[in-house]
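> Based on what follows, work out the 3D shape:
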Amino acid sequence: MTPANKNFEPRTPSESSTEMLELVLPNDTNNLDNLLGGRLMHWIDMAAAAAARRHCRRIAVTAAMDSLNFLHPVRRGEQVVLKASVNRAFGSSMEVGVKVFSEDTATGELFHTASAYLTFVAIGEDGRPKPAPPIKPETDDEKRRFEEAGARRDARLQHRK
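Alright, predicted model coming up:
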């Protein structure tokens, strides 16, 4: 098998799995000492980009963030845990899911604070979109996320019309 073909073999979501940690510092907060939404969006984008790049083994750029739900405030001094992985690939595009937790560093207690879905596009050295390897879900959770990603993609395409 040539290296080019090897880079296009199906991959599992766990191969793209990325975990990122950030400490919420005073500069990251608003007047209420809560994490700024825009800062969290930036961290979500960075975690998703790392997962997309791990999956396609090339640069991947953000095409869309179509869903972001803030579920729980994050306070100054807490740690943010971002978990990202590719749910499904569609040609050159990939849906990446990111689940965000805040951690009380004194107790270790985690709170689900946000979830987001982003679309990334694999980019070649020529700056043009390139195919991303397909996803091969293995666990029941990966299979569920794979199917749900297809439904979300259909909804995105319908919305464009």
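
> can you tell me which helix or strand the residue nearest in space to the middle of the chain belongs to?
Centrality entry for the chain: nearest residue to the mean C-alpha point is residue 48, 3.1 Å, by Cα atoms, centre = their mean. Using DSSP states H and E, the element containing residue 48 is helix 37-56.

> now residue 88
strand 79-90.

> Give the partner strands of that strand in its sheet and their orientations.
strand 18-23 (antiparallel), strand 93-103 (antiparallel) (DSSP bridges).

> List the buried residues for that strand?
79, 80, 81, 82, 84, 85, 86, 87, 88, 89, 90 (16 or more other Cβ atoms under 10 Å). All C-beta spots, glycine's among them, are computed from the backbone N, C-alpha and C.

> Of all pairs in those residues, which one is the farthest apart?
Spatial extent of the buried residues of strand 79-90 (Cβ to Cβ) is set by the pair 79 and 90 at 33.6 Å.

> would residue 126 count as being in a strand?
No. Residue 126: not assigned to a strand; according to DSSP: H, G, I helix; E, B strand; the rest coil it is coil.

> wait, doesn't residue 146 sit right on residue 88?
Yes. Between residue 146 and residue 88 there is a contact under Cβ atoms under 8 Å: 5.2 Å.

> Which residues are in contact with each of those two?
residue 135 (Cβ atoms under 8 Å, 6 or more residues apart in numbering).

> following the helix or strand bottoming out on mean pLDDT in the chain, which helix or strand shows up next?
Here the helix or strand of the chain ranked lowest by mean pLDDT, DSSP states H and E is helix 3-6, holding a mean of 52. Downstream of helix 3-6, the next assigned helix or strand under DSSP H and E is helix 13-16.

> Mind giving me the packing neighbours of that following helix?
Under the contact definition 3 or more Cβ pairs under 8 Å, 6 or more residues apart in numbering; DSSP states H and E, helix 13-16 sits against helix 37-56, strand 79-90, helix 140-160.

> Nearest residue to residue 124 in space, please, no chain neighbours.
residue 130 (4.1 Å; Cβ to Cβ, 6 or more residues apart in numbering).

> Just give the number of residues close to the closest residue to residue 80 other than its chain neighbours.
Computed as Cβ to Cβ, 6+ apart, the closest residue to residue 80 that is not its neighbour in sequence is residue 22, at 4.5 Å. Per other Cβ atoms under 10 Å, the neighbour tally for residue 22 reads 20.
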